[in-house]
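*Asks:* Sequence and computational prediction follow.
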Amino acid sequence: MSEQNLFKVTIDNITIEVPVGTTVLQAARLIGGQVAPPAMCFYSKLEGSGGKCRTCLVEVSKGSEKDPRPMPKLVASCQTQVMDGMVVENTTSPEVLEARKGVVEMLLINHPLDCPVCDQAGECDLQNLSFEHGASNSRYEFERRTFDKVDIGDKIQLHMNRCILCYRCVYTADQITEGRVHGVLNRGDQSEISTYISAAIDNDFSGNVIDVCPVGALTDKTFRFKNRVWFTKPVDAHRDCDHEKCSGKVVLWYKGEDVLRVTARKDQYGEVESFICNTCRFDKKATADWTIEGPRKIEDTSVISSNHYEMAHPLPVIEKNEVLIEANKKMFHKKIK
């Protein structure tokens with residue numbers, strides 16, 4: 001077996017060796033943490049994705065060992081391949097942080113302030129991005145672009161007002177379904193996601209466009225307005241699905257004993273680990289349909305983890321202290337007198 005050629009790259013003062021052809025974003029994700037730039041359009045499992053949202057912009061202060069000149073402009077890390085000796089700045093560059101703030105402002109120009117009624121709230125990538133990099137107010141003074149809500153399938157609703165045109169749903173339909181019937185119509189600020197001649201999205205894997213959407217543009221109609229995600233309890237489960245392309249590995253979102261929705265499992269970057277069919281997603285909402293594996297591990301920074309659902313029997317906050325209890329009783333009776 002021949003040795004693999006490796007390039008050495010430094011990102012935010014952390015050096016790592018990666019295979020030739022690795023992008024800056026992929027290298028940063030190997031390091032992990034805050035070093036990895038945010039990405040709203042790139043999806044590692046979708047070929048051709050990336051290069052549209054510009055949230056992953058980074059500064060290349062050294063091109064390579066052979067040509068140490070810095071790149072003249074900020075570059076999209078999801079589209080820029082690593083060169084040997086390259087030095088990249090993400091969180092350590094004030095220019096990058098300021099540019100990212102501007103990108104967030106552009107993404108929010110037409111985005112409605114409807115987080116309180118959006119089913120994506122609590123697990124929305126744009127919400128997280130705005131919280132970390134967005135401005136406290138908007139400078140936009142013109143009329144916003146608006147669209148009517150449209151049902152593009154019996155289980156999927158499109159809120160074009162929330163769409164950031166990341167193209168993830170288009171690539172998903174192209175690459176994991178038998179025939180795509182929706183796409184991006186028109187050009188410029190009139191661009192919109194739509195089906196051709198009002199056709200409905202109807203195939204075994206159409207529900208995956210909901211999972212890949214980074215905002216609340218594509219939502220599950222069976223879960224619409226039923227509950228907030230931070231009031232539900234996510235549990236890993238699996239079943240032997242008859243569909244050859246379906247992994248059968250899902251997350252069941254419980255409220256009490258009821259399964260409110262079923263989604264594919266996602267990794268730390270919000271990307272689907274393996275796609276699931278519509279039968280698993282929409283038709284199997286009884287606990288008896290699944291083999292339960294256990295509570296889903298949720299990051300501590302997520303509002304979903306606020307319920308501490310992973311502890312079946314939570315430990316007491318403090319041990320019982322008889323002396324303290326007696327002292328409190330005396331103080332209580334003293335105040336009554």
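*Replies:* The structure has been received and is ready for your questions. Numbering: from 1, shown residues only.

*Asks:* okay, CA-based contacts and neighbour counts for the rest of this
*Replies:* Noted.

*Asks:* How is V103 assigned, secondary-structure-wise?
*Replies:* helix (DSSP: H, G, I helix; E, B strand; the rest coil).

*Asks:* ok, it to T146 distance?
*Replies:* Counting by CA to CA, to the nearest Å, the gap from V103 to T146 is 20 Å.

*Asks:* Compare these two (neighbour count), which wins?
*Replies:* With neighbours defined as other CA atoms under 10 Å, V103 and T146 compare such that V103 has more, 19 against 14.

*Asks:* Just confirm that one contacts T55, I think it does.
*Replies:* Yes: counting by CA atoms under 8 Å, V103 touches T55, with 6.2 Å between them.

*Asks:* residue closest to the middle of this structure?
*Replies:* Centroid check for the chain by CA atoms, centre = their mean gives G270 as the closest residue, at 3.7 Å.

*Asks:* Now do the phi/psi pair for it.
*Replies:* phi 80, psi 20 (degrees, to the nearest 10).

*Asks:* which residues touch it?
*Replies:* Going by CA atoms under 8 Å, 6 or more residues apart in numbering, G270 touches no other residue.

*Asks:* For E132, see how far away it is.
*Replies:* Taken as CA to CA, the span from G270 to E132 is 16 Å.

*Asks:* Looks to me like V235 is in a strand.
*Replies:* Yes: counting by three-state DSSP, V235 is part of a strand.

*Asks:* tally of neighbours for it?
*Replies:* V235 has 20 nearby residues by other CA under 10 Å.

*Asks:* Excluding chain neighbours, what is closest to it?
*Replies:* Nearest residue to V235 in three dimensions, chain neighbours excluded: P295, at 4.3 Å (CA to CA, 6 or more residues apart in numbering).

*Asks:* Would you list the phi and psi of that neighbour?
*Replies:* When read as degrees, to the nearest 10, the backbone of P295 gives phi -60, psi 140.

*Asks:* how close does it get to V250?
*Replies:* 12 Å.

*Asks:* neighbours around the closest residue to T92 other than its chain neighbours, how many?
*Replies:* Nearest residue to T92, sequence neighbours excluded (CA to CA, 6+ apart): D12, at 6.0 Å. Burial of D12 is recorded as 16 neighbouring residues (other CA under 10 Å).

*Asks:* and D12, how far is that from T177?
*Replies:* To T177, D12 is 39 Å away according to CA to CA.

*Asks:* Mean confidence (pLDDT) on stretch 201-213, please.
*Replies:* Averaging pLDDT along stretch 201-213 gives 88.

*Asks:* export that stretch as CSV, just CAs?
*Replies:* In CSV, the C-alpha atoms belonging to stretch 201-213 read as follows (Å, rounded to 0.1, in the frame of the first residue of the first chain):
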residue,chain,number,x,y,z
ILE,A,201,-43.0,16.1,-4.3
ASP,A,202,-44.0,12.5,-4.0
ASN,A,203,-41.3,9.8,-3.6
ASP,A,204,-40.0,7.5,-1.0
PHE,A,205,-37.3,9.8,0.3
SER,A,206,-38.9,13.3,-0.2
GLY,A,207,-39.0,13.8,3.6
ASN,A,208,-35.2,14.2,3.7
VAL,A,209,-35.5,17.7,2.3
ILE,A,210,-36.9,18.7,5.7
ASP,A,211,-33.8,17.4,7.5
VAL,A,212,-31.3,19.0,5.3
CYS,A,213,-32.9,22.4,5.4
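
*Asks:* Need the contact partners of that stretch.
*Replies:* Taking CA under 8 Å, 6+ apart as the rule, stretch 201-213 contacts 152-153, 155-156, 168-169, 172-173, 176-178, 180-182, 195, 218-220, 263-264, 271-272, 275-279, 281.

*Asks:* And P214, how close does it get to C124?
*Replies:* Using CA to CA, P214 is found at 6 Å from C124.

*Asks:* more crowded one of these two?
*Replies:* P214 (25 against 18).

*Asks:* any idea which element the more buried one lies in?
*Replies:* In the assignment (DSSP states H and E), P214 maps to no helix and no strand.

*Asks:* Next, give phi and psi for the nearest residue to C78 once chain neighbours are set aside.
*Replies:* Nearest residue to C78, sequence neighbours excluded (CA to CA, 6+ apart): L25, at 5.0 Å. Dihedral pair for L25: phi -60, psi -40, per degrees, to the nearest 10.

*Asks:* just checking, L25 touches V82?
*Replies:* No: with contact defined as CA under 8 Å, L25 does not reach V82; the gap is 9.2 Å.

*Asks:* which residues of the stretch 1-150 of the chain fall in strands?
*Replies:* 6-11, 14-19, 57-62, 75-76, 86-89, 150-151 (DSSP state E, counting those that start in this stretch).
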